[in-house]
Structure formats: structure tokens, C-alpha cells
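[1] For reference, the sequence and a predicted model appear below.
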Amino acid sequence: MTTKHPYFFGAHMSVAGGLHTGIERAAAAGCDCVQIFTKNNNQWNCAELTSEAIEQFRSALTASGLPAPIAHTSYLINIASPAEELWRKSVEALVVEWSRAEQLRLSGLVLHPGAYVDSSAEVGMQRVVEAIAAVQQRVRPQHCRLLLENTAGQGTCLGWQFEQLGWMLTHARGCDHLGICFDTCHAYAAGYDFSTPNQIKKMWRAFDEHIGLEHLYAVHVNDSKKGLGSRVDRHEHIGQGCIGEEAFGLFVRSSPVRGKPMFLETPKGTDPATGQDWDMQNLATLRRLAHTTHRPPLSPQAN
């Protein structure tokens with residue numbers, strides 16, 4: 001999922017009307033990359049992908065020239081759950097989602113590690129690695145990596161500390177299609193400060209020590225409505241939250257994220273002050289802060 005260009009900015013897009021429409025919306029917004037849901041993210045069940053839907057998606061991708069599309073899993077999945085029924089249901093749902101990602105030949109599938117509820121972080125993390133091993137054995141992925149996402153640490157959600165993510169990657173033995181998706185809002189809310197050159201160097205050193213920079217495959221670029229260490233996950237438009245433009249400039253120009261696809265998950269709609277589409281405005285802000293311009297799309301085969 002690393003590209004040859006220094007900067008690659010995109011967004012999460014709706015697939016209302018068919019999976020291929022997410023690609024079309026991304027291209028129309030001027031994205032360099034795209035993230036989608038492959039099914040309704042608030043429902044357990046879904047119809048099987050048809051050959052026609054797969055072909056439409058792949059054709060739209062080829063026409064757009066957008067490389068390395070990824071998907072996000074349903075928010076219902078909790079593979080850290082101590083409740084056996086929910087854990088097994090989550091495993092089955094992850095099998096379905098990872099299999100769909102394979103059918104579509106996506107590069108990554110982002111997953112929140114889950115919440116340990118009334119057990120403990122240690123028990124929850126063990127449940128996570130057991131689930132991942134079971135799912136990978138059934139899916140046997142060839143194209144798509146499962147990307148654990150760092151969280152803000154609300155409630156009993158796992159993955160807000162680099163140590164936890166590193167432990168889960170290390171202990172998911174036999175699972176070679178794994179990686180990390182780094183979310184800026186979540187990291188900031190979890191207490192990771194990257195607002196100064198020294199602080200961002202410190203953060204990436206900690207990431208490398210506990211996880212390994214080689215495991216970073218994708219980035220979610222979101223400002224935060226809540227402050228540093230708040231442990232509250234609330235996304236805001238780039239530069240309009242507590243992280244701010246200066247810190248985002250440092251982040252997007254830092255070497256660990258260069259060449260990595262970076263996806264907005266900021267609110268949709270139109271800025272009432274400018275009348276401009278929010279995705280297009282946030283993309284323009286990111287490019288300005290990165291001291292870059294819109295990159296011409298690559299062919300999918302280039303990656």
C-alpha cells in the first residue's frame with residue numbers, strides 16, 4: 001500500500017447505489033485514494049457479492065486510476081468481547097468482511113480491536129489474537145491485509161496504547177497479512193502529542209519501539225473535537241479542531257507517513273462559510289500543509 005508519490009490523500013466514501021459509486025465519488029472529489037464499507041456497517045447480515053458488483057467495482061477502479069482501495073469493517077464487530085456468543089458472531093462477521101475484501105482485491109481492511117467490557121485488557125487482547133488467527137485460517141488472504149486501528153481509548157476499547165497494538169501484532173502468530181492503520185484523532189485523544197517537532201519525533205520513536213514502523217500501512221487524517229488525552233473519539237475538519245493546522249503540517253510532512261495512503265473520515269456536507277464540499281476543502285488543506293499539489297492518479301497496476 002506504499003506508493004511512489006510522497007503524498008496520497010483521499011477520503012472515506014459512501015457506496016450508496018453500489019460499491020462502484022464509492023470509487024466514482026472519490027474520483028469526482030479529487031481523491032488520490034479511497035476507503036469504503038463493503039456492506040452496511042450497522043447490520044450483521046449482508047447479501048453475497050455478485051460477479052456483476054465485483055466487475056462494476058473493478059471497472060470503476062480501473063477507470064479512475066485510484067490505487068490501493070481499502071475498506072473499514074462494521075462497527076458491530078467486537079473480537080475482544082468476553083461474551084462467547086458475541087465473540088463468535090464477530091468472528092463470523094469478520095470472515096465475511098475479509099472475504100469480501102479479497103473478492104474485491106482490496107489492499108486493506110481496517111478493524112477496531114474491540115472492547116474487553118467486564119473482563120480485562122489482557123484477556124481482551126488474547127481474545128483478539130485468537131479471533132484473528134481463526135479468521136485468517138478460514139479466509140487465507142492473498143491480497144488484503146487486516147489493519148488494526150489505534151483507538152481513542154473510550155471505555156474499555158483496546159488499541160489506544162502502542163504497547164497494546166504491538167502485543168496483538170506480535171502474538172497473532174502465523175498471521176502474515178496484518179498491519180496498522182494510524183488515526184490522528186484517536187492518537188491525540190489517547191494522549192499522543194505531535195504538536196511540536198520534538199513531540200512528533202518522540203511519538204514515532206514510541207510507535208517504532210512498540211509496533212515497528214514497517215507495520216504502518218494506512219492513515220486516517222482527522223482533527224479532534226476533544227483535547228489531548230481526553231479519550232473521546234470525535235472527528236473534526238482539518239485545522240478546525242484541537243489538533244490544529246500547525247500540528248497537521250508536522251504530521252503529514254513526517255517521514256513515516258510519506259507514501260502511505262491517508263484517508264479523511266471527517267463530517268460530510270458543505271462548508272456554509274465557503275459553499276465548498278467539505279471533502280474537497282479538507283483535501284486542499286492537507287495538500288497545502290504538505291506543501292504539495294493534487295497528484296495525477298496512478299493505474300491500479302502501479303502498486
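    Yep, that arrived.
[2] residues near Val15, how many?
    19 (other Cβ atoms under 10 Å). C-betas here are computed from N, CA, C, even on glycine.
[3] Need the three-state assignment for it.
    coil (DSSP: H, G, I helix; E, B strand; the rest coil).
[4] pretty sure it is in contact with Gly22, am I right?
    Yes - shown here, Val15 and Gly22 form a contact pair, counting by Cβ atoms under 8 Å, at 4.1 Å.
[5] so what's in contact with those two at the same time?
    Common contacts of Val15 and Gly22 (Cβ atoms under 8 Å, 6 or more residues apart in numbering): Ile36.
[6] wait, His12 sits on Ala71?
    No - the pair His12 / Ala71 is not scored as a contact, 9.4 Å apart, by Cβ under 8 Å.
[7] what is in contact with those two at once?
    With Cβ under 8 Å, 6+ apart as the test, His12 and Ala71 both reach Gln35, Ile36.
[8] Could you check which of these two has the larger neighbour count?
    Higher neighbour count among His12 and Ala71: Ala71, with 28 against 23, using other Cβ under 10 Å.
[9] Secondary structure of that one: a helix, I assume?
    No - going by three-state DSSP, the assignment for Ala71 is strand, not a helix.
[10] Would you map the strands across the chain?
    According to DSSP state E, the chain carries its strands in the segments 8-12, 34-36, 70-72, 108-111, 145-149, 178-183, 216-221, 223-224, 235-236, 261-264.
[11] Mind listing the strands the first one pairs with, and their directions?
    Here the strand partners of strand 8-12, with direction, are listed using DSSP bridges: strand 34-36 (parallel), strand 261-264 (parallel).
[12] of all the strands of the chain, which lies closest to Ala189?
    strand 223-224 (5.5 Å; Cβ to Cβ).
[13] Name every strand pairing with the closest one and say which way it goes.
    strand 235-236 (antiparallel).
[14] Which stretch among the strands paired with strand 8-12 is buried most, on average?
    Each of those was scored by mean neighbour count; the highest is strand 261-264, a mean of 27, by mean count of other Cβ atoms under 10 Å.
[15] Could you tell me the average pLDDT over it, please?
    Across strand 261-264, pLDDT averages out at 97.
[16] what do you get for stretch 130-148?
    Mean predicted confidence for stretch 130-148 is 96.
[17] What are the buried residues along that stretch?
    Ala131, Ile132, Val135, Gln136, Val139, Pro141, Cys144, Arg145, Leu146, Leu147, Leu148 (16 or more other Cβ atoms under 10 Å).
[18] ok, so of these, who is nearest His235?
    Among the buried residues of stretch 130-148, and counting by Cβ to Cβ, the member closest to His235 is Leu147, at 18.0 Å.
[19] Pretty sure the closest one sits against His215.
    No - Leu147 is not in contact with His215 according to Cβ under 8 Å; the separation is 9.2 Å.
[20] any residues in contact with both of the two?
    Leu178, Gly179, Ile180.
[21] and stretch 73-85, how far out from the chain's middle?
    Centre-to-centre, stretch 73-85 and its host chain are 18 Å apart (Cα atoms, centre = their mean, to the nearest Å).
[22] Would you mind listing the buried residues in it?
    Applying 16+ other Cβ under 10 Å to stretch 73-85 flags Thr73, Ser74, Ile77, Asn78, Ile79, Ala80, Ser81, Pro82 as buried.
[23] Next up, the contacts around the first one.
    Looking back up the chat, that one is Thr73. Asn41, Ala93, Leu94, Glu97, Leu109, Val110, Leu111, His112.
[24] and those residues as JSON lines, adding pLDDT and neighbour count?
    Listed next are the contacts of Thr73 as JSON lines, based on pLDDT from 0 to 100; neighbours: other Cβ atoms under 10 Å:
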{"residue": "Asn41", "pLDDT": "92", "neighbour count": "14"}
{"residue": "Ala93", "pLDDT": "98", "neighbour count": "22"}
{"residue": "Leu94", "pLDDT": "98", "neighbour count": "24"}
{"residue": "Glu97", "pLDDT": "98", "neighbour count": "26"}
{"residue": "Leu109", "pLDDT": "98", "neighbour count": "25"}
{"residue": "Val110", "pLDDT": "98", "neighbour count": "24"}
{"residue": "Leu111", "pLDDT": "98", "neighbour count": "27"}
{"residue": "His112", "pLDDT": "98", "neighbour count": "24"}
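[25] one step back: tell me the one among the buried residues of stretch 130-148 nearest to Phe251.
    Using Cβ to Cβ, the buried residues of stretch 130-148 come closest to Phe251 at Leu147, 18.3 Å.
[26] and that closest one, bridged to which residues?
    Counting by DSSP bridges, the residues bridging with Leu147 are Val110, Gly179.
[27] any idea how far Leu106 is from it?
    Going from Leu147 to Leu106 by Cβ to Cβ, to the nearest Å gives 11 Å.
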